[in-house]
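S.K.: Need coordinates for the below:
(one chain, ligands or ions: 2)
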Amino acid sequence: MTLKAADFETVEVTTDLLIIGGGMAACGAAVEAAYWAKKNNLKVTVVDKAAMDRSGAVAMGLSALNQYVGMKVKNRSPENYVEYVRQDLMGVSREDMVYDIARHVDGTVHLFEKWGLPIWKDEGGNYVFEGPWQLMINGESYKIVIAEAAKNAMATLGDKGEIIERVFITEPLLDGDKIAGAVGFSVRENKFYVFKAKAVLCAMGGAVHVFKPRSTGEGFGRSWYPPFNSGSSCYFMMKAGAEHTCQEVRFIPVRFKDAYGPVGAWFLLFKSRATTALGGEYMVENKAELDKWAPYGLAKPIPANLRNWLMMLDTREGKGPAYMRTEEAMKKIIDAEPDEKARKKRVKEVESEAWEDFLDMTISQAILWAGTNTAPEEKPSELQACDPYFIGSHSGASGAWLSGPEDLQTAESKSDYFWGYNRMATIKGLFGAGDASGASSHKFSDGSHAEGRIAAKAAIAYIVDNKTQPNVDAAQVEAAKQTTLKPLDTFAEFSGQTTDPNVNENYIVPEQYMYRLQKIMDEYAGGVVAAFSTNEPLMDIGMNLLAMLNEDAENLAARDHHELMRAHECRHRTMQADTHIRSVYHRKETRWPGYYFRADTPKMDNDNWLKFVNIKLNKDGKFEIIERKIHKIC
Ligand code: SFD
Ligand code: AMP
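M.R.: Ligands and ions are numbered 1, 2, ... in the order given. Predicted coordinates for the structure are as follows:
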């Protein structure tokens, strides 16, 4: 029996605060919302497309907490962190939001430890820093620890605390200029969900597979960013009409080739060098290039995108492959020991730390090392720039344009950066955190959790001030149901017409749709095949092809629950693609050359472009670009 829309029953959930997503930001939001909701007798509902224990980017675990300001142990201040982020993002960041997270993140880390997350300690009982801002952890079960705390907090609300897993959110619901809820469907049961809420906190992560990944065929799905984050934050908030920022600032990590193992521990903890086969140490040999990107290229630490760029210059010239010189770094660490006994002990320690770094976070990299007979103490490993991702919480910056905290505004910034509730979007009652929140990079896993807490506290305050449940128009729900379930009916109606159900003139299956999207982005928006380079004529073609792809999105078909999810992931990714290419198009300069290079405007232009490029989707379906000022707050 083919599954049809009519097979689905409608389940209605009415709540006060709806938290969408079950990742780091959502778990932080749940903890904080539970506390404030209990005080105010409010209901909180969390909905995740997967199971919170292992959902989102931290599913496999992580090996570091990448944001620890160390206000007490290092005597640093949030200002220091703002300076770091300003530098890394080439001057473009919402300093009020970065500061806000930085002042709260240490407390979040201490909570994680209390909840049971093992953070490395040295013999004196002090945290082991990986680099200046990063703490090493035994993080295989990181996400389970964080999800458990979120669930425990939600349980304190009794029947006013509800967690619904395996429900994929497809569309927002609105009441005029206010958010009113969301709709979605169960990926396991024949249930269409209508959530009605006074406030919605969006934390559905970033996006991968918008661009063609390097790993295809048998390796498909193996990318640095997890395949299940598919642009839902961007789609949901754009469709709600919320303004977005930095959608051009995608992230390209340099990683161990093919399995995407992390490099932070190698560069920062083990002090490894990276070299290219014919070019030498690119950070040294290509140093003169940094002058072109002054002042950011000349200050320390050198921004992530410029580190990429110096490597790319070599690989573009055919001097690759690039290598992480693991053998050299390990030898240096071991040789530094005073005698043979100490050296023997140190060898064992370094070997186990190196393998654990992968086993904690990217198990497949350890498997690849084993499968290719790679002993890191004997030979170097290849490094490569990944395909582009959207992850505003890391070293990218894409996300929604949100209100910042009132107390951190200057006389100049207040009118641009503050409109009532911290982390509220330009749509009333809609909040964002983590990857969903833009221009506040380098918050990573623990900063995203802290930001989730900040946003949830403000969302509850908003609900306390705005007690009336928004109206949800039945026609709007019906239209959203139709959009959500239509791919099932399309498949049911037409699939019998061809011998191969994947090929049909009446529909497109999600897998083929995704390949088309990725080909467009790869070739016209500066993906791997284009060596991360694009220009206006290329983007003109790309945008035209995207418009046609958008037309075909109406004809996506799905044969079961899983494929229905895939169909909506495709629609969500397309919104991410659209906002990205339009933002790159508008910014007529190259500011982050190691993320993308505009060959027609190859230089950074601080006089004209040291500002935010924002984008929103108007009710008539047209995109609007808005330029916004950058304010220094410290
Ligand atoms: O160093 C829907 N990150 C690292 N952070 C660190 O602090 N330390 C590290 O060691 C890190 N490394 C790392 C990292 C990321 C990745 C991919 C790798 C390695 C391989 C960054 C953090 O992971 C990242 O900053 C946070 O996870 C961001 O948090 P958040 O909450 O914004 O996103 P999420 O955790 O991915 O959660 C998303 C949730 O949304 C759900 N979801 N739910 C309902 N409906 C839909 N339509 C949905 N779409 C998505 C997801 O299921 C999930 O629950 S290092 O190597 O870089
Ligand atoms: P990664 O494993 O590459 O995600 O890195 C973890 C953290 O270390 C992030 O905060 C990175 O920005 C930082 N990092 C990684 N490599 C370097 C480097 N070579 N120099 C400075 N910071 C780095």
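S.K.: pLDDT wise, what is the spatially most central residue of the chain at?
M.R.: To find the centre residue of the chain, average its C-alpha atoms and take the closest one (Cα atoms, centre = their mean): that gives Ile391, at 2.6 Å. Per-residue pLDDT puts Ile391 at 98.
S.K.: Verify the contact between it and Val210 for me.
M.R.: No. Between Ile391 and Val210 there is no contact under Cβ atoms under 8 Å: 11.5 Å. To be clear about C-beta, it is placed using only N, CA and C from the backbone, and glycine gets the same treatment.
S.K.: List the residues that contact whatever residue of the chain ends up closest to ligand 1.
M.R.: The minimum distance from the chain to ligand 1, using Cβ to the nearest ligand atom, falls at Gly23 (1.7 Å). By Cβ atoms under 8 Å, 6 or more residues apart in numbering, Gly23 lies in contact with Asp48, Ser55, Gly56, Ala57, Val58, Ala203, Met204, Gly205, Gly434, Ser448.
S.K.: Apply 7 Å and report the result again.
M.R.: Ser55, Gly56, Ala57, Val58, Ala203, Gly205, Gly434 (Cβ atoms under 7 Å, 6 or more residues apart in numbering).
S.K.: tell me the mean pLDDT over the helix ranked longest in the chain?
M.R.: Ranked by residue count, the top helix of the chain under DSSP state H comes out as helix 561-586. Helix 561-586 shows a mean pLDDT of 98.
S.K.: Now the helix or strand just after it: average pLDDT?
M.R.: Sequence order places strand 597-598 as the next helix or strand after helix 561-586, per DSSP states H and E. Averaging pLDDT along strand 597-598 yields 98.
S.K.: Stretch 404-424 now?
M.R.: On average, stretch 404-424 scores 98.
S.K.: My reading is that Phe168 lies in a helix. Confirm?
M.R.: No. Assessed with DSSP: H, G, I helix; E, B strand; the rest coil, Phe168 is strand; it does not lie in a helix.
S.K.: how far away is it from ligand 2?
M.R.: 28 Å (Cβ to the nearest ligand atom, to the nearest Å).
S.K.: Quickly list the domain ranges of the chain.
M.R.: Listed domain ranges for the chain are 254-385, 474-609 (source: automatic domain parsing).
S.K.: how about Leu65, what does it touch?
M.R.: By Cβ under 7 Å, 6+ apart, the residues touching Leu65 are Val109, Gln134, Leu135, Ile137, Ser445, Asp446.
S.K.: Now the fifth one. Nearest residue, chain neighbours left out?
M.R.: Nearest non-adjacent residue to Ser445, counting by Cβ to Cβ, 6 or more residues apart in numbering: Met24, 4.9 Å away.
S.K.: okay, now that neighbour: neighbour count?
M.R.: Met24: 35 surrounding residues under other Cβ atoms under 10 Å.
S.K.: likewise the one 5 residues further on?
M.R.: The number of residues packed near Ala29 is 36, by other Cβ under 10 Å.
S.K.: Equivalent analysis for the one 3 residues further on, please.
M.R.: For Glu32, the tally of surrounding residues (other Cβ under 10 Å) stands at 23.
S.K.: Also Glu511?
M.R.: Glu511: 12 neighbours (other Cβ under 10 Å).
S.K.: tilt between the helix or strand it falls within and helix 561-586?
M.R.: Using DSSP H and E, Glu511 falls within helix 510-524. Angle of helix 510-524 versus helix 561-586, following axes from the mean of the first three to the mean of the last three Cα atoms, to 10 degrees, is 20 degrees.
S.K.: Now do the same contact list for the residue nearest to Thr498 when sequence neighbours are not counted.
M.R.: Spatial nearest neighbour of Thr498, chain neighbours left out: Asn504 (5.0 Å); criterion: Cβ to Cβ, 6+ apart. With contact set as Cβ under 7 Å, 6+ apart, Asn504 has these partners: Phe494, Ser495, Gln497, Thr498.
S.K.: Can you tell me which of those are classed as buried?
M.R.: Phe494, Ser495 (16 or more other Cβ atoms under 10 Å).
S.K.: Just the ones of the contacts of Asn504 in helices?
M.R.: Phe494.
S.K.: what does the stretch 351-500 of the chain have sitting close to ligand 2?
M.R.: Ser395 (Cβ under 6 Å from any ligand atom).
S.K.: same thing but 8 Å
M.R.: Contacts of the stretch 351-500 of the chain with ligand 2, taken as Cβ under 8 Å from any ligand atom, map to His394, Ser395, His442, Phe444.
S.K.: Now the second one. Nearest residue, chain neighbours left out?
M.R.: The shortest distance from Ser395 to any non-neighbouring residue, by Cβ to Cβ, 6+ apart, is to Ala304 (4.3 Å).
S.K.: Which pLDDT value goes with the one you found?
M.R.: At Ala304, pLDDT is 98.
S.K.: Surely it is in contact with Asp88?
M.R.: Yes. Between Ala304 and Asp88 there is a contact under Cβ atoms under 7 Å: 6.0 Å.
S.K.: hey, what's in contact with both of these two?
M.R.: With Cβ under 7 Å, 6+ apart as the test, Ala304 and Asp88 both reach Ser395.
S.K.: Which two among the residues of the stretch 351-500 of the chain next to ligand 2 are spaced furthest apart?
M.R.: Ser395 and Phe444 (9.3 Å; Cβ to Cβ).
S.K.: Pull the number of nearby residues for the residue in the chain that ligand 2 sits nearest to.
M.R.: Distances between the chain and ligand 2 by Cβ to the nearest ligand atom are smallest at Gly264, namely 2.7 Å. Neighbours of Gly264 under the rule other Cβ under 10 Å: 17.
S.K.: which residues sit in contact with the nearest residue to Asn466 once chain neighbours are set aside?
M.R.: Nearest non-adjacent residue to Asn466, counting by Cβ to Cβ, 6+ apart: Lys198, 6.3 Å away. Lys198 makes contacts with Asp16, Gly429, Ile463, Asn466, Gln469, Pro470, as judged by Cβ under 7 Å, 6+ apart.
S.K.: And for Arg591?
M.R.: Applying Cβ under 7 Å, 6+ apart, the residues near Arg591 are Met90, Met604, Trp609.
S.K.: By neighbours, which of the residues you listed wins?
M.R.: Met90 (23 neighbours).
S.K.: Next, work out how far apart the residue lying closest to Glu377 once chain neighbours are set aside and Leu368 are.
M.R.: Nearest residue to Glu377, sequence neighbours excluded (Cβ to Cβ, 6+ apart): Met330, at 4.7 Å. Distance of Met330 to Leu368, given as Cβ to Cβ, to the nearest Å: 18 Å.
S.K.: buried stuff in stretch 283-294?
M.R.: For stretch 283-294, using 16+ other Cβ under 10 Å, the buried residues are Met283, Glu285, Asn286, Leu290, Trp293.
S.K.: Give me the more crowded residue out of Met330 and Leu368.
M.R.: More neighbours surround Met330 than the other of Met330 and Leu368, with 23 against 20 (other Cβ under 10 Å).
S.K.: Assign that one to helix, strand or coil.
M.R.: helix.
S.K.: Return the residues in contact with it.
M.R.: Per Cβ under 7 Å, 6+ apart, neighbours of Met330: Val350, Pro376, Glu377.
S.K.: just checking, the first one touches Lys332?
M.R.: It refers to Val350. No. The pair Val350 / Lys332 is not scored as a contact, 10.1 Å apart, by Cβ under 7 Å.
S.K.: out of the two, which sits in the busier spot?
M.R.: Shown here are Val350 and Lys332; by other Cβ under 10 Å, Val350 has more neighbours (20 against 14).
S.K.: Let me know the secondary structure of Trp133.
M.R.: Applying three-state DSSP: Trp133 is coil.
S.K.: Next, work out how far apart it and Ser55 are.
M.R.: Counting by Cβ to Cβ - Trp133 and Ser55 are separated by 26 Å.
S.K.: and what of Ala370?
M.R.: Counting by Cβ to Cβ, the gap from Ala370 to Ser55 is 27 Å.
S.K.: More neighbours: the two, which one.
M.R.: Legend: neighbour count by other Cβ under 10 Å for Ala370 and Ser55, higher for Ser55 (25 against 11).
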